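[1] Got a sequence here, can you build the structure:
(2 chains)
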Number of protein chains: 2
Amino acid sequence: MLKKQKPSVYLERATRELVKLPGLGSRSASRIAFHLLNLPSSEVEELIRTISDLKNNIVRCSVCGGISDSDVCPLCTDSSRNSDMICVVEDARDIFAIEGASVFNGVYHVLGGLISPLDGIGPDEINVKGLIERCRNSKPQEIIFALNSTIEGEATTLYVSDILETLGVRVTRIAQGLPVGSDLEFVDGATIARSIEGRVRI
Amino acid sequence: MLKKQKPSVYLERATRELVKLPGLGSRSASRIAFHLLNLPSSEVEELIRTISDLKNNIVRCSVCGGISDSDVCPLCTDSSRNSDMICVVEDARDIFAIEGASVFNGVYHVLGGLISPLDGIGPDEINVKGLIERCRNSKPQEIIFALNSTIEGEATTLYVSDILETLGVRVTRIAQGLPVGSDLEFVDGATIARSIEGRVRI
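    Numbering: from 1, shown residues only, chains lettered A, B, ... in the order given. Below is the predicted model:
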């Protein structure tokens, strides 16, 4: 085997940084590095500027904990939204997923994590206190839990909803069941069980 | 359908720039944007610095046309390499692919494209002249064509090798045939034909 020559340390370094990004393997990172090399400088500068802006100008909304360009996010300031319905999500990204469905017109609350005793994450490590305070202050009509359908998601939903119920708030969770377009044959038993338990009138 | 809220224009802009990169769809671009948002500033700055260095510090090697951090690339200056064998490639990236195989110890010549009359690319639009000059000046023993196995690659190999043969240089091309580990059943007829034409003694 011959020694492999590396024509450019700069290319090596850029590829090594790119490969750290989620979803990029060494081949796709190298492809992107070469692409950047061949782009006009102005376009690379634009990419750098937007990444830098992203990092320097985005903050957490002081109300819901979602991402925002100002102290309070556009979702929390939008008066056409129903602030009496608060949807509880794990992460700011989940807000984008729910907004993408265009069916929810309430506001959000980002927990910033899920209760996971094995990982040392208890209710104090995530933003449960903020949610309780919001419920005490604004007396919302309904809190909808939209956490992932995992053990941690379940545990967090049950734990936090128990507390909220003592405050007299109506607590719901999003439905579990068959994904739209799915085939019964390929759906796991636990999902089918949930879809039967949660059956609705036609 | 409700109006979708966009919590951050900065996130939108960064995602829009990232989606322009090869191999990234809107989901993976958004995933990377969120990942950058959650990274420590120092790591994002490091990524930005390496991209900026890549763009500002990499040049074309004045001998082979490959990428380099200095006027002449490490491959062309490495005295342990055999400068009597020149491997002709379409693009600087191809050098990395061939170096990755660790079997070639010669030097390279990057054409920077392939002859394609339909796209208005003739021999003068790619670096054929530089190759002829190198052959005249250094009288290499062998020129190996390692162009893609496409119509344009074939046309370029035939056209340029014809010129080089008039200069008395030995011209070869890399073999066409079955990829290692492939199954005859799934290989196309043209490839099988080439592998039979190019059969070698065992």
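[2] what are the ranges of the strands in chain A?
    Counting by DSSP state E, chain A has strands at residues A:59-60, A:67-68, A:82-89, A:106-110, A:142-145, A:170-173.
[3] Which among these is found nearest to B:Ala175?
    Taking C-beta to C-beta, strand A:67-68 is the member of those nearest to B:Ala175, at 54.3 Å. The C-beta positions use only the backbone N, C-alpha and C, and glycine is treated the same way.
[4] neighbouring contacts of the closest one?
    The contact list for strand A:67-68, computed with C-beta atoms under 8 Å, 6 or more residues apart in numbering or on different chains, reads A:58-61, A:73-74, A:92, B:7-8, B:11, B:37.
[5] cool, and stretch A:183-198?
    Here stretch A:183-198 makes contact (C-beta under 8 Å, 6+ apart) with A:175-179.
[6] Mind listing what's buried along it?
    Neighbour counts over stretch A:183-198 (16 or more other C-beta atoms under 10 Å in any protein chain shown) mark A:191, A:194-195 as buried.
[7] Ok, stretch A:83-94 next?
    Under the neighbour-count criterion of 16+ other C-beta under 10 Å, stretch A:83-94 has A:83, A:85-94 buried.
[8] how long is it end to end?
    One end of stretch A:83-94 sits 18 Å from the other (C-alpha to C-alpha, to the nearest Å).
[9] Make sure A:Asp94 is actually in contact with A:Phe145.
    No: A:Asp94 lies out of contact with A:Phe145 (C-beta atoms under 8 Å); the separation is 11.3 Å.
[10] which residues does A:Ala14 contact?
    A:33, A:36, B:50-51, B:53-54.
[11] Just the pLDDT for it.
    Note on A:Ala14: pLDDT of 96.
[12] returning to what we had before: can you redo the buried residues of stretch A:183-198 as a markdown table with pLDDT?
    Converted to a markdown table, these look like this (pLDDT from 0 to 100):
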| residue | pLDDT |
| --- | --- |
| A:Thr191 | 88 |
| A:Arg194 | 86 |
| A:Ser195 | 86 |
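[13] Got the domain ranges for chain A?
    Using automatic domain parsing, the domain parsing of chain A gives A:9-57, A:78-173.
[14] Let's have these in JSON lines, adding distance to B:Thr156.
    Shown next, in JSON lines, are those (distance: least, C-beta to C-beta, whole Å):
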{"stretch": "domain A:9-57", "distance to B:Thr156": "20"}
{"stretch": "domain A:78-173", "distance to B:Thr156": "47"}
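[15] Of all the ones you listed, which one comes closest to B:Leu18?
    For B:Leu18, the closest of these is domain A:9-57, at 7.5 Å, according to C-beta to C-beta.
[16] Can you get me the start-to-end distance on the closest one?
    Length of domain A:9-57, first residue to last, C-alpha to C-alpha: 32 Å.
[17] go on, stretch A:193-202?
    Distance across stretch A:193-202, first residue to last, is 18 Å (C-alpha to C-alpha).
[18] mind checking which of the domains of chain A is nearest B:Val169?
    Using C-beta to C-beta, the nearest of the domains of chain A to B:Val169 is domain A:9-57, at 29.8 Å.
[19] if we can go back for a sec, ok, which of the buried residues of stretch A:83-94 also contact chain B?
    A:92-93 (C-beta under 8 Å from any C-beta of the partner chain).
[20] shaky segments in chain A?
    Scanning chain A for pLDDT under 70 picks out the ranges A:1-5.
[21] which residues in chain A form helices?
    For chain A, helices defined by DSSP state H occupy the ranges A:9-18, A:26-38, A:41-57, A:74-77, A:92-101, A:128-138, A:151-166, A:189-197.
[22] Deepest-packed of those, please.
    Of these, the one with the most neighbours on average (mean count of other C-beta atoms under 10 Å in any protein chain shown) is helix A:9-18, at a mean of 20.
[23] now the angle from it to helix B:41-57?
    Orientation of helix A:9-18 against helix B:41-57 (axes from the mean of the first three to the mean of the last three C-alpha atoms, to 10 degrees) gives an angle of 150 degrees.
[24] roughly how far out does helix A:9-18 sit from the chain middle?
    29 Å (C-alpha atoms, centre = their mean, to the nearest Å).
[25] tilt between that helix and helix B:92-101?
    Using the same axes, to 10 degrees: helix A:9-18 against helix B:92-101 is 80 degrees.
[26] angle of helix A:9-18 against helix B:26-38?
    If you take the same axes, to 10 degrees, helix A:9-18 sits at 90 degrees to helix B:26-38.
[27] returning to that earlier point: so for B:Glu45, which of the strands of chain A sits nearest?
    strand A:59-60 (18.3 Å).
[28] which residues sit against that closest one?
    The contact list for strand A:59-60 (C-beta under 8 Å, 6+ apart) reads A:66-71, A:92.
[29] Likewise for stretch A:114-121?
    Counting by C-beta under 8 Å, 6+ apart, A:90, A:113, A:122-123, A:126, A:147-148, A:150, A:152-153, A:155-156, A:159 sit against stretch A:114-121.
[30] Just name the closest of the buried residues of stretch A:183-198 to B:Pro140, please.
    Nearest member of the buried residues of stretch A:183-198 to B:Pro140, counting by C-beta to C-beta, is A:Thr191, at 66.1 Å.
[31] now do the same end-to-end measure for stretch A:77-86.
    One end of stretch A:77-86 to the other measures 14 Å (C-alpha to C-alpha).
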